[in-house]
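Undergrad: Sharing a model prediction with you, sequence too.
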Amino acid sequence: MRACRFQRILGLCNRAKRMPSVTKPSGDVLEPAREGGISHFTAAAVWQLQLFKLALAALMLLGSTAIHAQGTAWPGRSIRWIVPYPPGGITDNATRMVLQKVQEQTGWTIVVENKPGANSIIGADVAAKAAPDGYTFLTVIAAHAANATLYAGKLPFDTVKSFAPLSLVGIAPLIMTANNGLPVKDVKELIAYAKANPDKTSFGSSGVGAAAHLTTELFKQTAGVDMVHVPYKGTAPALQDLMGGSIQILVDVPSTLMPLVRGGKIKALGMFSAKRVAGAAEVPTIAEAGGPPLEGSTWVLFLAPAGTPKDIVNRMAAETARAVASADIKG
């Protein structure tokens, strides 16, 4: 398995041919477990992310056997790929980019079906309950792992045991951006402003438990500030509200936000990384910009329902990994 830098995948999204899409939005149906307050479930969710990544690494190690080509019986029809977020966000864009390449490599037909809602739980539940016959797959991000803690005892599936891992698509650092009307130019000034105006400072995220949400919550706790969280069903609507001024702060990946920063639509405050990031070297780290020395990143992962035949899992894993490593995507 080879991972690519997430920014490169998304940087090519506009060049990819749009894949067939079925959008079926649904409303949120669960409330996060909040016993002990935001600091309780934030810390627990961050720990859950670490456990999920360790479990995933172990599963992939156990499943890293030689890849055998599947017989002609599969696939005998189109493959459904569930994205539990709306079209246009990082999860949707990365999925479409990689799967477009898989189709070119194999001649398969893969239909992306967007099923947003309940912090990705609705789409993940559909995939978990699908027949494990090799015709349903799922894309998840860090929020999937955090859901085990945020919705403790309420999930209709197990975030690890209900799925089989395919490929890690990419990992990317997170960047903090602000609406142009916010009277701050760096993180140090944001902290001072938020302390003086706690009711006037809000931040958006793609959903409760998303890596960007948890990273911003940790920033709040470490910096000693209070900002109001406004969760969205994906990055795209949050970004629209950031530019429109309905929210003041948004944390997401550089490939999504930097084009708007460079276009003067929003402003960058700092990168959640230990050092400056290639491709966005003009943006200081959070620490350089006067904030706490925090790091934060997100990832995109492909899964299959548990019980999917191993040869199908291995074949799809091989094809998606080959797509991720291709010159078109890797750059």
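TA: Structure received.
Undergrad: Could you use CA atoms for every contact and neighbour count after this?
TA: Noted.
Undergrad: Contact partners for residue 289?
TA: 186, 187, 188, 269, 270 (CA atoms under 8 Å, 6 or more residues apart in numbering).
Undergrad: Just the residues you listed: which are in helices?
TA: Taking DSSP state H, the ones among these that sit in helices are 187, 188.
Undergrad: okay if I get the contacts of residue 289 as CSV plus pLDDT, neighbour count and distance to residue 225?
TA: Listed next are the contacts of residue 289 as CSV, based on pLDDT from 0 to 100; neighbours: other CA atoms under 10 Å; distance: CA to CA, whole Å:
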residue, pLDDT, neighbour count, distance to residue 225
186, 98, 21, 15
187, 98, 24, 12
188, 98, 18, 11
269, 99, 25, 16
270, 98, 25, 16
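Undergrad: Which of the three states applies to the nearest residue to residue 209 once chain neighbours are set aside?
TA: In this structure, residue 209 finds its nearest non-sequential neighbour in residue 143, 4.9 Å apart by CA to CA, 6 or more residues apart in numbering. Classification of residue 143 using DSSP: H, G, I helix; E, B strand; the rest coil returns helix.
Undergrad: Kindly report the same for residue 100.
TA: Three-state call for residue 100 (three-state DSSP): helix.
Undergrad: try residue 207
TA: Recorded secondary structure, residue 207: coil (three-state DSSP).
Undergrad: The one 5 residues further on too?
TA: In three-state terms, and counting by three-state DSSP, residue 212 is helix.
Undergrad: One more: the one 10 residues further on?
TA: With three-state DSSP as the basis, residue 222 sits in helix.
Undergrad: Tell me the one among the contacts of residue 289 nearest to residue 121.
TA: Lowest distance from residue 121 to these (CA to CA) belongs to residue 270, with 30.5 Å.
Undergrad: which residues does the closest residue to that closest one other than its chain neighbours contact?
TA: Leaving out its chain neighbours, the residue that sits closest to residue 270 by CA to CA, 6+ apart is residue 286, at 4.5 Å. If you count contacts by CA under 8 Å, 6+ apart, residue 286 has them with 187, 269, 270, 271, 272, 273, 292, 293, 294.
Undergrad: what about 6 Å?
TA: Residue 286 makes contact with 270, 271, 272, according to CA atoms under 6 Å, 6 or more residues apart in numbering.
Undergrad: circling back: pretty sure the residue nearest to residue 209 sits against residue 213.
TA: No - in this structure, residue 143 is not within contact of residue 213 by CA atoms under 6 Å, at 9.0 Å.
Undergrad: Need phi/psi at residue 232.
TA: When read as degrees, to the nearest 10, the backbone of residue 232 gives phi -120, psi 170.
Undergrad: Ok, residue 231 next?
TA: The phi and psi values for residue 231, taken as degrees, to the nearest 10, are phi -80, psi 150.
Undergrad: hang on, it packs against residue 209?
TA: No - Residue 231 is beyond contact range of residue 209, at 9.5 Å (criterion: CA under 6 Å).
Undergrad: The one residue sitting closest to the centre of the chain - nearest residue in space that isn't next to it in sequence?
TA: Central residue of the chain (CA atoms, centre = their mean): residue 141, 3.7 Å from the mean position. Computed as CA to CA, 6+ apart, the closest residue to residue 141 that is not its neighbour in sequence is residue 300, at 4.7 Å.
Undergrad: For the one you found, which three-state class applies?
TA: Using three-state DSSP as the criterion, the local structure at residue 300 reads strand.
Undergrad: Next, count neighbours for it.
TA: Applying other CA atoms under 10 Å, we find 19 residues neighbouring residue 300.
Undergrad: CA atoms only for stretch 205-222, dumped as CSV, please.
TA: In CSV, the C-alpha atoms belonging to stretch 205-222 read as follows (Å, rounded to 0.1, in the frame of the first residue of the first chain):
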residue,chain,number,x,y,z
SER,A,205,-16.4,22.4,10.6
SER,A,206,-17.5,19.6,8.3
GLY,A,207,-19.2,17.9,11.3
VAL,A,208,-18.9,17.0,15.0
GLY,A,209,-15.9,14.8,15.5
ALA,A,210,-14.2,15.7,12.2
ALA,A,211,-10.4,16.1,12.5
ALA,A,212,-10.8,19.8,11.9
HIS,A,213,-13.4,20.1,14.7
LEU,A,214,-11.3,18.2,17.2
THR,A,215,-8.2,20.2,16.3
THR,A,216,-10.0,23.5,16.7
GLU,A,217,-11.4,22.3,20.1
LEU,A,218,-7.8,21.5,21.2
PHE,A,219,-6.7,24.9,20.0
LYS,A,220,-9.4,26.5,22.1
GLN,A,221,-8.5,24.6,25.2
THR,A,222,-4.7,25.1,24.8
